[in-house]
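Q: compute the structure for the input listed below.
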Amino acid sequence: MLSVNKVNHGKRPAPCVGTSALRHVTSPPHGRRFHAPRTELSSFHRERRRASGIPNERVATETRFSSGLTEQWAVEASHLSLSVLGLTAVETCAARLRPLTASQAAQTVGPQRPITVASTGGTRTFQPIRCYTAPVASEPFLNGTSSNYVEEMYFAWLENPKSVHKSWDVFFRNANAGAPPGAAYQSPLALSAVPQLSSLVGAQPNVEKLVEDHLAVQSLIRAYQIRGHHVAQLDPLGIMDADLDSCVPTDIITSSDKLGFYGLDESDLDKVFRLPTTTFIGGSESALPLKEIIRRLEMAYCQHIGVEFMFINDLEQCQWIRQKFETPGVMQFTLEEKRTLLARMVRSTRFEEFLQKKWSAEKRFGLEGCESLIPALKTIIDKSSENGVENVIMGMPHRGRLNVLANVIRKELEQIFCQFDSKLEAADEGSGDVKYHLGMYHRRINRVTDRNITLSLMANPSHLEAVDPVVQGKTKAEQFYCGDNDGNRVMSILLHGDAAFAGQGIVYETFHLSDLPSYTTHGTIHVVANNQIGFTTDPRMARSSPYPTDVARVVNAPIFHVNADDPEAVIYVCKVAAEWRATFHKDVVVDLVCYRRMGHNEMDEPMFTQPLMYKQIKKQKPVLQKYAEKLIAEGAVSRQEYEEEIAKYDKICEEAYNRSKDEKILHIKHWLDSPWPGFFTLDGQPKSMSCPSTGLTEENLNHIGVVASSVPVEDFTIHGGLSRILKSRAEMVRNRTVDWALGEYMAFGSLLKEGIHIRLSGQDVERGTFSHRHHVLHDQNVDKRTCIPMNHLSPDQAPYTVCNSSLSEYGVLGFELGFAMASPNALILWEAQFGDFHNTAQCIIDQFICPGQAKWVRQNGIVLLLPHGMEGMGPEHSSARPERFLQMCNDDPDVMPPLSEDFAVRQLYDCNWIVVNCSNPGNYFHVLRRQILLPYRKPLIVFTPKSLLRHPEARSSFDEMLPGTHFQRLIPEEGVAVERPEEVKRLIFCTGKVYYELTKERKTRGMDGTVAIARIEQLSPFPFDQVKAESDRFANADLVWCQEEHKNQGYYDYVKPRIRTTTQRAKPVW
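A: Residues are numbered from 1 along each chain as shown. Okay, the predicted model is just below:
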């Protein structure tokens, strides 16, 4: 660290390095941070000092960086271990402690370094100090070659003051006495008339002490801003610290003896100190006594609110937060605000008490101990509505969900209460879900702002935090469809538990989507219901970070910790959070430190594992009671008014309970979180059970093909290899054929021209993992200049979004699933880099995509593209695990559905998802178009090829894509074998690329007339009718299933029982 040696009057000044070295240290190039070099004395200077008895010294600096220090008062990097030309270090420091302007600060901020000052009384350390690269004040003539001359005179003066001219003698003496730069020099004519500055300096107060004390006070202010939250009173129970760091910050004034840390004592408490520009505790005052400074800092940072923000590297944002929490009197509430808060606390508390009274033996995951969550959410919504937000999309876990549905979303209470009746049957198809997983969509008037607002709470599984990216995806979609490019009208709120927020990796993945151009929602407000326990696990066993919210620091999101038993502090913090989001469009976290009055659920006994904690909880007075007593004592409400408010809400609950008894049936569709107005009939059914042809006119195919094979932007230079690809596409268009990439282009382009938005997301999808797609062209001469030809099809087309994602499967697939929920009139696709990697997102597949409609009566048309094929690339790049998807299909292998005219469309409607493995690009083209033209939406799983992307036989003719053509669920045998079907000895069913290997081997062996090969393109729902027709055609043939995967993988276990059910043959399916 930098050591500063004092120089006293009457003593020989300490030796110094040359001024040339000084210039190197104090005048760094513009924009570069200060790193003082280790400067050795020259051999000449060593000899001079040895002759004079002065020890050789070396100036060294150590630079240490500490996060969270982004400040504007300038402690220059000038605390050298020696006086420079007689300017003592402390006085040089005093001359340089000047506030910077905002523009200077932006250019000069550098790494933090602690400063140690050695003195006769010991060593004092000032932390934290920020180094700046602003120019250091110095004598105007100390530059160029003159500095070498002055240096030589200085050394001569050290040996014999009379060896230099009298004017230089006076200059060196004045500089040593502490004269500021520019004042040490006196002209020879004035030397006899003007007293030496040493007498003036000696007559002034102790400048050194004054500077040190002001520096200490500024360090003290910064210490509270950085670490005040560590000693804030956050735990309502008063038995734990909200953070797990056992060390109490030594630079926070928890007692008067801590003043010594700053070199201050009790005698300094009444001294007035000027406040730096980096604090707002003074309000309209620019200076305050030390004791008042400490008191105001305690009020701002160490009461029921703890603020973490000093890790943010943006000055404006830091200043904004300081102003919100430091300004005296900011947490003042009107009488009306207090009464509204009390009414909301009554609803939150009495709702839980009513449920406990009526259904004491039911699991409901109540909110007891964190009742202030309800007014917190309502405050966020009120303030956001005031700032122009019209649509709020929320995601949350099970705890407190029913209360949020009742008192925030405003779900009808009788609809909630009837969910407790186990005798009621559901009117809707599907399995349904437990009541504390259900979602809701509601549009109403916000009473505070008198504006319309739409509130959605997304349904979610018990898999904690899995809903986070889904909420973000839907929020992004709603912003996209309403043209909200800055997130001013649509926003998201995510609620978390403390253990899950710290423990689940999806939280981190979702945070890292927050500022990506194609994924940002322009700021999410996160509210953590921090009940300081995870089921039975203590925080110390649940996380390694001090706070559960530390993951938010990775995106520079400010974190506001607040004691949930102080409702006024809670709603103030929530107001600030909403204002932050509206101002900066960035994420923000509210850490609501509370407790859990019951066990994990109402049937659980928490005393088994947390006996002392729950002894304290039993003694804890409910927050409603405490706040009501406070307002009654203030005279804000009377006890009678308080009791009337309770009675009023109790009556509402009781009347709703009586109405719930009249319910005869449950309607899960009443809990739909993403309705699609106009897409279904009024009773939620498809408007038809037919699907039109998915073919296109030749003119349309040609037009899209021309765009796909050209660059629609002038003066745009593409890569030479890409030029060859585009020429190849153009040749295919002239020959009326398509390969896999061009077939996909035809499907996308046609839907875009029909007004259907398409969004393709995933790792490297813009180019394609296998360099086949190239939907984004890059100019080879202009950096970052790109072109998306598919957005140049026609003036009235829908926009095409193709975006490389972060290296995440779980988060990104969840995001795209949420995006697909917003509208049925869009094709949303997620492509895995290799199909093998989809299992990183298994939770989204298993809990949302597969059972989503059965649990929540919610359709979704998302498409998963999973590259699959055993092609010698090793066990990690070969299989999309089709057996797993087929195992989760809900069709019955033992029952063949009755055949009808709409058999194929009705079968698709009854399935939970569609699984296909196309063997040619024409069929891939049709299945993508069918996904939109169906009168309902189902998830589509596509096992896409790798080697077939460029296989010469894997081509389709335009004839297979013209009007009247459809997706072929099964492609029958079309070769020589059909001429004499009775002579065919073996019928092979297969799927995917193995077909081409089989046909090649059949031809090699000359078995074209005795072996028939049929391709099952749609595996689920199984094409019973077409398999039956094909097996009946070759009635004398043995049936064989062929696949390249192992027997316990792939499709065999799925197709075998279904083929047997179809054919009713005694012969086995090999």
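Q: can we go C-alpha only for contacts and neighbour counts from here?
A: Will do.
Q: hey, which helix is longest across the chain?
A: helix 335-358 (DSSP state H).
Q: ok, then the element right after that helix?
A: Per DSSP states H and E, the first helix or strand lying C-terminal to helix 335-358 is helix 373-386.
Q: returning to what we had before: residues touching the longest helix of the chain, excluding its own?
A: 366-368, 371-372, 374-375, 403, 407, 567-568, 624, 627-628, 631, 636-637, 645-646, 649-650, 653 (CA atoms under 8 Å, 6 or more residues apart in numbering).
Q: one more: stretch 516-530?
A: So stretch 516-530 is contacted by 370, 373, 472-473, 475-476, 479, 486-487, 491-498, 501, 513-515, 549, 577-578, 581, 584-595, 803 (CA under 8 Å, 6+ apart).
Q: closest to the centroid, which residue in this structure?
A: Phe511 (1.6 Å; CA atoms, centre = their mean).
Q: show me what counts as buried in the strand or helix carrying Glu152.
A: Taking DSSP H and E as the criterion, Glu152 maps to helix 146-159. Residues Ser147, Val150, Glu151, Met153, Tyr154, Phe155, Trp157, Leu158, Glu159 are the ones in helix 146-159 that count as buried (16 or more other CA atoms under 10 Å).
Q: want to throw those residues into CSV with pLDDT and distance to His778?
A: Below are these laid out as CSV (pLDDT from 0 to 100; distance: CA to CA, whole Å):
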residue, pLDDT, distance to His778
Ser147, 61, 55
Val150, 74, 60
Glu151, 70, 59
Met153, 77, 64
Tyr154, 78, 63
Phe155, 77, 64
Trp157, 80, 68
Leu158, 81, 68
Glu159, 79, 70
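Q: just those now: which is nearest Arg950?
A: Ser147 (73.6 Å; CA to CA).
Q: give me the domain ranges for the protein.
A: For the chain, automatic domain parsing gives the domain ranges 2-203, 207-326, 335-671, 698-952, 972-1063.
Q: the stretch 501-650 of the chain: strands as residue ranges?
A: With DSSP state E, counting those that start in this stretch as the criterion, the stretch 501-650 of the chain has strands at 524-530, 559-563, 588-593.
Q: mean pLDDT, mean neighbour count and distance to Asp892 added to these, as JSON lines?
A: Formatted as JSON lines, the strands of the stretch 501-650 of the chain follow (pLDDT from 0 to 100; neighbours: other CA atoms under 10 Å; distance: least, CA to CA, whole Å):
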{"stretch": "strand 524-530", "mean pLDDT": "97", "mean neighbour count": "26", "distance to Asp892": "43"}
{"stretch": "strand 559-563", "mean pLDDT": "98", "mean neighbour count": "27", "distance to Asp892": "51"}
{"stretch": "strand 588-593", "mean pLDDT": "97", "mean neighbour count": "27", "distance to Asp892": "47"}
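Q: which ones among the contacts of stretch 516-530 are found in helices?
A: Within those, residues falling in helices by DSSP H are Leu373, Gln472, Gly473, Thr475, Lys476, Gln479, Asp498, Phe501, Ala577, Ala578, Arg581, Phe584.
Q: by neighbours, which of the residues you listed wins?
A: The most crowded member of these, judged by other CA atoms under 10 Å, is Gln472 (34 neighbours).
Q: so that residue touches Ser492, yeah?
A: Yes. Counting by CA atoms under 8 Å, Gln472 touches Ser492, with 6.8 Å between them.
Q: and the longest helix of the chain, how far from the chain's centre?
A: 32 Å (CA atoms, centre = their mean, to the nearest Å).
Q: please shift the residue numbers so they start at 54 in all later answers.
A: Done: numbering now begins at 54, and the last item shifts to helix 388-411.
Q: buried set for that helix?
A: 391-392, 394-406, 408-409.
Q: give the rounded mean pLDDT of the helix or strand following the helix holding Glu205.
A: Downstream of helix 199-212, the next assigned helix or strand under DSSP H and E is helix 219-230. Taken as a whole, helix 219-230 has a mean pLDDT of 77.
Q: one more: stretch 1019-1039?
A: Stretch 1019-1039 comes out at a mean pLDDT of 95.
Q: list the buried residues in that stretch.
A: 1019-1026, 1030-1031, 1034, 1036-1039.
Q: and for stretch 661-674?
A: Met666, Tyr667, Ile670.
Q: make sure Val1093 is indeed in a strand.
A: Yes. The assignment for Val1093 by DSSP: H, G, I helix; E, B strand; the rest coil puts it in a strand.
Q: correct me, but Phe996 touches Cys971?
A: Yes. Counting by CA under 8 Å, Phe996 does reach Cys971; the two are 7.4 Å apart.
Q: which one's more surrounded, the two?
A: Neighbours were counted for Phe996 and for Cys971 using other CA under 10 Å; Cys971 has more, 28 against 23.
Q: can you tell me which residues contact that one?
A: Cys971 neighbours (CA under 8 Å, 6+ apart): Tyr977, Val995, Phe996, Thr997, Thr1044, Gly1045, Glu1070, Gln1071.
Q: can you name the residues that contact the residue lying closest to it once chain neighbours are set aside?
A: Leaving aside its sequence neighbours, Cys971 sits nearest to Glu1070 (CA to CA, 6 or more residues apart in numbering; 5.2 Å). Counting by CA under 8 Å, 6+ apart, Glu1070 touches Val969, Asn970, Cys971, Ser972, Gln1021, Arg1022, Leu1023, Ile1024, Thr1044, Gly1045.
Q: in contact with the fifth one, which residues are there?
A: Right, the one you point to is Gln1021. Asn976, Glu1070, Gln1071.
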